[in-house]
Structures are given as C-alpha cells and as structure tokens.
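Enquirer: Sequence and predicted structure, then a few things I'm wondering about:
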Amino acid sequence: MTAENVSIHTKRITSLLSLMFVGLALPLGWGFYRNSRIEAHFKKVTVGASSEVVQGLMGQPSWIEPCGESFGTTRPNCNAYIYRNSFAPLIPEYYSLSVDTSGHVIYKYVYESP
C-alpha cells in the first residue's frame, strides 16, 4: 500500500467517524433541548389555563387520552395531555396536564419512575 492510498483510507475513516459523531450528537442535543423546554414551559402552565395556552406554551402533546388511562386515577369528563421525555422509555418521565370538558387545566403532574 502506497502512502497515497493510506492517506485516502485515513481521510475516508475520518469522514465516516465525523458523520457518525454528528449523527449521534444532533439527536441527543435536540432531545436535551426539547426536554429543557418541556420542563420550563410545564412550570409556567397554571391550573385554569386554557388548552390553547397550554398548546401555545408546550406545543403538540405526545398523545391525548382520557384522564387516568395510563397514569393515576381515572377522572370523568377529562382528557390528559401527555408530554413524554425525549428519551422515554429509557428515562420514564411524562408531563401530564389534565384538561376538563370546558378546555381548562384542572390538574398537572409529572410521572417519573423512582
């Protein structure tokens, strides 16, 4: 193998490793950024806030379900807006905002694994 071939081989390996690093770093960075936004905005949501205010602050929920379907106690006439941690289920953390039929927050809770 000539010195020129070694140099080309080294450049290819370096390029591949750089792409792998970026391919891992970007999703991880986005996940940490998203989690910090969810946590900060969750703290700003107050009981009585409208569902429009909630979605304006928090964005689209990961899913919406009847209150108590996945977590906690079942409540009638209520839907839970669930925002999951970006790394769930590896990090089991879920932010839940319970919204009544009039479209206002009646309860909020963070479900975490001990």
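Expert: On my side now, so go ahead.

Enquirer: which residues of the chain fall in strands?
Expert: 63-66, 78-84, 93-100, 105-112 (DSSP state E).

Enquirer: Among these, which comes closest to residue 47?
Expert: For these, distance to residue 47 was read as CB to CB. The smallest value, 5.4 Å, belongs to strand 105-112. C-beta here means a position set from N, CA and C on the backbone, and glycine is covered the same way.

Enquirer: Which positions within that closest one qualify as buried?
Expert: By neighbour count with 16 or more other CB atoms under 10 Å, strand 105-112 contains the buried residues 105-108.

Enquirer: just stretch 33-52 next, same as before
Expert: By 16+ other CB under 10 Å, the buried positions in stretch 33-52 come out as 35, 38, 41-42, 45, 49, 51.

Enquirer: Run through who's touching it.
Expert: 53-54, 57-58, 81, 83, 85-87, 95, 97, 99, 103-108, 110 (CB atoms under 8 Å, 6 or more residues apart in numbering).

Enquirer: biggest helix in this structure, by residue count?
Expert: helix 3-44 (DSSP state H).

Enquirer: Next, the angle from it to strand 93-100.
Expert: 40 degrees (axes from the mean of the first three to the mean of the last three CA atoms, to 10 degrees).

Enquirer: out of the buried residues of strand 105-112, who's nearest residue 7?
Expert: Taking CB to CB as the measure, residue 7 lies nearest residue 108 of the buried residues of strand 105-112, at 58.9 Å.

Enquirer: Contacts only, for the closest one.
Expert: 42, 45, 47, 95-98.

Enquirer: Quick one: those as TSV, columns for distance to residue 76 and pLDDT too.
Expert: Compiled in TSV, these are given as follows (distance: CB to CB, whole Å; pLDDT from 0 to 100):
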residue	distance to residue 76	pLDDT
42	24	97
45	22	97
47	18	97
95	22	97
96	16	95
97	17	96
98	11	95
